[in-house]
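J.: Test case, fold it:
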Amino acid sequence: MTKADMTIADQRELAQFPATVISLALPVTVQSLISAAVNYADVLMLSHVGQDAMSAVSQANQITFVLTLFYLGLSTGVTILSAQYWGSRNSCAIGQTLGLAMKCSMTVSAVFFLAAEGIPGVLMRLYTPDAALIGYGVTYLRILGVGYLAMGMSQMLLSSMKSVEQTGVCAVISSGGLLLNIGLNAIVIFILFPDNGEMAVAGTAVATVIARAAEAISCWIWMKTRNPVPWSLRWLKRGEPRLKSDFWHCTWKVQLNYLIWGGALSASAALVGYVSSDMVSANAVASSVRNLVIVGCTGMSTAGGILLGKYLGAGRLALAKQAGDRLRLWSILLGAAAGAVILVLRPVCLKFANLNEDASELLSIMLLICSVYCIGKSFNSTMVGGIFCAGGDTWFGLVCDTVGMWCVILPLAYLCAFRWQLPPKWIYLVLCLDEFVKMPFVALHYSKYKWLNNLTRKTDEEECTS
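T.: Residues are numbered from 1 along each chain as shown. As a prediction, the model looks like this:
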């Protein structure tokens, strides 16, 4: 399909596409920026309590990261279907999709809550053998587990709101929760328990739980009163069999993809934990900085996926193709810009990160590697997580991450760490090669345009109104 296949309305929409992407991406970017900044601020604040406290919270948060993978998979399923049904103006299907996802997310959250309360020591030993880190981590997880229940609700509500182009209010709600979190953390660390590592770690967990609860309550109020598709409890009980089938068809592959990808990252974190505590500390700072500067790419990927899903659901395939081609180019440019920002921030990070000499030297090298890594990350996340998912093309990402991470990167990193016993900087370099291993295959798959799919179908209006 070329521009010649587009209608006049499509051509007008394409001309407005950059401005529309920015209007949707900017709130997501601000939200992601605040989130990354809060994480980085937490790392810096805890480093003043002690390097062990900082490293322990970093490793304990790997459990939250694994839980987040389930949310990401379910959220992607919600976004894929809801964005397309938003294009066809079918609010019934949007509500039922949210209800399906909400039941699943709350079930998974309950499992993680019970694990954090019952076996926190076992969970921490997955990531570190250090007794001091395990002790801090157990304290942190037992409190943080309560917040998992609130997360199960808020993440699904936010994903549904984004899919109907309510990215601005999502940013306000999430950013408000994050700012509340960092404010409470500052009080705990610098005022209440500046010299007590265990109490400071416990306090940061309490702050996170309070922030998560505030976020969930705010989402619920907005969905009930102001959202274009108001939330109703009946969506938890109702759902057409065909829509359920479509939801699981869109969700199971991307859910498995996130678990495989996240499992690989979690395994990488465990590998780092067993190399040295200095590498754990340097990696905590480097990851926070990298996540901080990549937020623009994340915002564009989210906004692009929502708009492409809307176009596809409305049957405007020629417009979706042209918009996808633009997103592909922009992803590379934004990735390069993010890498340049890391190079600018590098001296500042080295100055203010309270690390010992060995960890600081390692952090300097890690930041250089991250500056290049951003290009591959931006391209792949936009293609796989944004464009491909918009049309329900979720199988490729699953295969790509399985082969790239588990068959290439992790075995090579294991050999570097435990067989060849290479220095930590080389191990980190290998762990960051995954995006460039996948990049040529992602580009080739995009050019086949298998993601140009309209997934919508008519729903039973009687089911919606009863």
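J.: tell me the contacts of Thr64?
T.: By CB atoms under 8 Å, 6 or more residues apart in numbering, the contact list for Thr64 reads 144, 148. The way it works is simple: take the backbone N, C-alpha and C, and place the C-beta from them, glycine included.
J.: Would you quantify the distance from it to Ala205?
T.: 11 Å (CB to CB, to the nearest Å).
J.: which residues are in contact with both of these two?
T.: Common neighbours of Thr64 and Ala205, counting by CB under 8 Å, 6+ apart, are Leu144.
J.: okay, Met161: pLDDT?
T.: Here, the pLDDT recorded for Met161 equals 90.
J.: Which SSE is immediately downstream of the strand or helix carrying Phe396?
T.: Here Phe396, judged by DSSP states H and E, is contained in helix 395-401. Using DSSP H and E, the helix or strand that follows helix 395-401 in sequence is helix 410-414.
J.: Check which helices and strands that next one is in contact with.
T.: If you count contacts as 3 or more CB pairs under 8 Å, 6 or more residues apart in numbering; DSSP states H and E, helix 410-414 packs onto helix 241-275, helix 424-431.
J.: List the buried residues in that helix.
T.: Neighbour-count burial for helix 410-414 flags 410, 413 (criterion: 16 or more other CB atoms under 10 Å).
J.: May I have it as PDB, with CA atoms only?
T.: The C-alpha trace of helix 410-414 is given here as PDB (Å, rounded to 0.1, in the frame of the first residue of the first chain):
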ATOM      1  CA  LEU A 410      22.500 -15.500  28.600                       C
ATOM      2  CA  PRO A 411      24.700 -18.600  27.700                       C
ATOM      3  CA  LEU A 412      27.400 -16.300  26.500                       C
ATOM      4  CA  ALA A 413      27.200 -14.100  29.600                       C
ATOM      5  CA  TYR A 414      27.300 -17.200  31.800                       C
END
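J.: got the contact list for it?
T.: With contact meaning CB under 8 Å, 6+ apart, helix 410-414 is reached by 264, 267-268, 271, 427, 430-431.
J.: now with 6 Å?
T.: Here helix 410-414 makes contact (CB atoms under 6 Å, 6 or more residues apart in numbering) with 264, 267, 427, 430-431.
J.: Show me what the mean pLDDT comes to for that helix.
T.: Here the average pLDDT along helix 410-414 is 93.
J.: Stretch 293-302 now?
T.: Averaged across stretch 293-302, the pLDDT comes to 86.
J.: Can you give me the distance of Met300 to Lys438?
T.: Using CB to CB, Met300 is found at 19 Å from Lys438.
J.: quick one on the thing from earlier: can I get the helices and strands packed on helix 410-414 in JSON lines with distance to Thr68 and mean pLDDT?
T.: As requested, the helices and strands packed on helix 410-414 are exported to JSON lines (distance: least, CB to CB, whole Å; pLDDT from 0 to 100):
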{"stretch": "helix 241-275", "distance to Thr68": "8", "mean pLDDT": "83"}
{"stretch": "helix 424-431", "distance to Thr68": "19", "mean pLDDT": "92"}
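J.: Mind putting those into a markdown table with distance to Ala338 and mean neighbour count?
T.: Putting the helices and strands packed on helix 410-414 into a markdown table (distance: least, CB to CB, whole Å; neighbours: other CB atoms under 10 Å) gives the following:
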| stretch | distance to Ala338 | mean neighbour count |
| --- | --- | --- |
| helix 241-275 | 19 | 20 |
| helix 424-431 | 18 | 20 |
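J.: so how far is Ala417 from Phe436?
T.: Noted for Phe436: a distance of 20 Å to Ala417, by CB to CB.
J.: Please say which of these two ends up with more neighbours.
T.: The neighbour count for Phe436 versus Ala417, taken as other CB atoms under 10 Å, is higher for Ala417 (20 against 16).
J.: Now do the SS call for the more buried one.
T.: Following DSSP: H, G, I helix; E, B strand; the rest coil, we place Ala417 in the helix state.
J.: and it, what does it touch?
T.: Shown in contact with Ala417 (CB under 6 Å, 6+ apart): 271, 275, 427.
J.: Would you confirm that Gly305 contacts Val384?
T.: No: counting by CB atoms under 6 Å, Val384 is not a contact partner of Gly305; they are 10.2 Å apart.
J.: Report the secondary structure state of Trp451.
T.: With three-state DSSP as the basis, Trp451 sits in coil.
J.: Could you point out which of the contacts of Ala417 is nearest to Gln155?
T.: Of all the contacts of Ala417, Leu271 has the smallest distance to Gln155: 27.9 Å, by CB to CB.
J.: rewinding a little: export the helices and strands packed on helix 410-414 as JSON lines, with columns for distance to Ala171.
T.: Formatted as JSON lines, these follow (distance: least, CB to CB, whole Å):
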{"stretch": "helix 241-275", "distance to Ala171": "22"}
{"stretch": "helix 424-431", "distance to Ala171": "31"}
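J.: just to revisit the earlier point, kindly present the contacts of Ala417 as TSV, with separate columns for distance to Leu334.
T.: Formatted as TSV, these follow (distance: CB to CB, whole Å):
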residue	distance to Leu334
Leu271	29
Val275	32
Ile427	28
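J.: which stretches of the stretch 151-300 of the chain form strands?
T.: Assigned by DSSP state E, counting those that start in this stretch, the strands in the stretch 151-300 of the chain number zero.
J.: okay if I get the contacts of helix 410-414 as TSV plus distance to Leu179?
T.: Output for the contacts of helix 410-414, formatted as TSV (distance: CB to CB, whole Å):
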residue	distance to Leu179
Ala264	32
Ala267	33
Ile427	35
Val430	37
Leu431	32
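J.: Next, find the distance separating Ser277 from Ile409.
T.: 23 Å.
J.: how close does the most centrally placed residue in the chain sit to Lys377?
T.: In the chain, the centroid-proximal residue (CA atoms, centre = their mean) is Leu72; its distance is 6.5 Å. Separation of Leu72 from Lys377 (CB to CB) stands at 15 Å.
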